[in-house]
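Asks: using only what follows, build the 3D model:
(one chain, ligands or ions: 1)
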Amino acid sequence: MTSPSEPRAARRSSAASPLTTPPSDAAVPVVDASAVRDMEDVGEVLGNACFGCGPDVPHGLRIRRTGHDGSTAYAEFTVQPEHQGAPGLAHGGILASAMDEILGTSAWLLGGRYVTGRLETDYLAPVPVGSVVHLTARCTGVDGRKAYIEGEARLGGPDGPIAVRAASIFIKVPLEHFTKER
Ligand SMILES: CCCCCCCCCCCC(=O)SCCNC(=O)CCNC(=O)[C@H](O)C(C)(C)COP(=O)(O)OP(=O)(O)OC[C@H]1O[C@@H](n2cnc3c(N)ncnc32)[C@H](O)[C@@H]1OP(=O)(O)O
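Replies: Alright, predicted model coming up:
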């Protein structure tokens, strides 16, 4: 139940704009059973340097993937002092990075390799340094190479209040997207 005193974004049922809403004829997402193994294999190719999930990246988010169910991916991280924007609060760009990571994880569960094409965020509540942020994302439709993914970040637990909501389009790319010389 929402109230008029809540932020306008909180009264919307989804973060998706017309640009991140799948077309009515979008395919229902099908999860590839080998996707998790593929993520591990590709992770070995790409290395451990990811700002979002690399466990040893200095000042990285060190997001820990905690599970998946269909195209829904779960993860969490702890906001560090290095992630601060306004005093004592997480920087909005850091939170967008965290959403990018969980949305991308959901996309990769579809069995391809995906990159962010479009990312929209609604910030609903400040996130204090020291918070454990619980991330969830799921695919709402697939249209050719485009996967529409939505997610949220919650505080205090997997069912806690939503601090950030995001909607996105991820684009399927070949492995060479990551490995070719530039
Ligand atoms: C280790 C395990 C880890 C597993 C977990 C991984 C988590 C990773 C999380 C981090 C993810 C990232 O940050 S990735 C890094 C940030 N993103 C990037 O660097 C992407 C940079 N952009 C690009 O490289 C390119 O623009 C691409 C690949 C996105 C698209 O180029 P392309 O391949 O030439 O394809 P193109 O024909 O342009 O587009 C294909 C279709 O997508 C649509 N499309 C393209 N861009 C957009 C867009 N911004 N918004 C909407 N739609 C778009 C087009 O309209 C078209 O639709 P239609 O005509 O077919 O209908």
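Asks: pull out the buried residues from stretch 167-182.
Replies: Neighbour-count burial for stretch 167-182, counted by 16 or more other C-beta atoms under 10 Å, picks out 167-172. Just so you know, the C-beta spots here come from the backbone N, C-alpha and C atoms, and that holds for glycine as well.
Asks: next one: phi and psi at Pro55?
Replies: Main-chain dihedrals, Pro55, degrees, to the nearest 10: phi -70, psi -20.
Asks: find the nearest non-adjacent residue to it, please.
Replies: Arg62 (5.7 Å; C-beta to C-beta, 6 or more residues apart in numbering).
Asks: for the residue of the chain found nearest the ligand, give me its contacts.
Replies: Closest contact between the chain and the ligand, by C-beta to the nearest ligand atom, is at Gly104 (2.7 Å). By C-beta atoms under 8 Å, 6 or more residues apart in numbering, the contact set of Gly104 is 52, 114-116, 149, 170.
Asks: what about it, helix or strand, and which?
Replies: helix 92-108 (DSSP states H and E).
Asks: next SSE downstream of that helix?
Replies: strand 113-123.
Asks: which of the contacts of Gly104 has the most neighbours?
Replies: Ile149 (34 neighbours; other C-beta atoms under 10 Å).
Asks: check contacts around that one.
Replies: 71, 103-104, 106-107, 137-140, 167-170.
Asks: dump the residue contacts of the nearest residue to it once chain neighbours are set aside.
Replies: Nearest residue to Ile149, sequence neighbours excluded (C-beta to C-beta, 6+ apart): Leu103, at 4.5 Å. Residues counted as contacts of Leu103 (C-beta under 8 Å, 6+ apart) are 116, 119, 137, 149-151, 166, 168, 170.
Asks: go through the helix holding Gly104 and flag the buried ones.
Replies: Residues of helix 92-108 classed as buried by neighbour count (16+ other C-beta under 10 Å): 94-108.
Asks: can you show me the helices along this protein?
Replies: 8-11, 35-46, 92-108, 176-179 (DSSP state H).
Asks: in CSV, list the ones you listed along with mean pLDDT and distance to Glu76.
Replies: Below are these laid out as CSV (pLDDT from 0 to 100; distance: least, C-beta to C-beta, whole Å):
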stretch, mean pLDDT, distance to Glu76
helix 8-11, 66, 22
helix 35-46, 77, 17
helix 92-108, 97, 9
helix 176-179, 89, 25
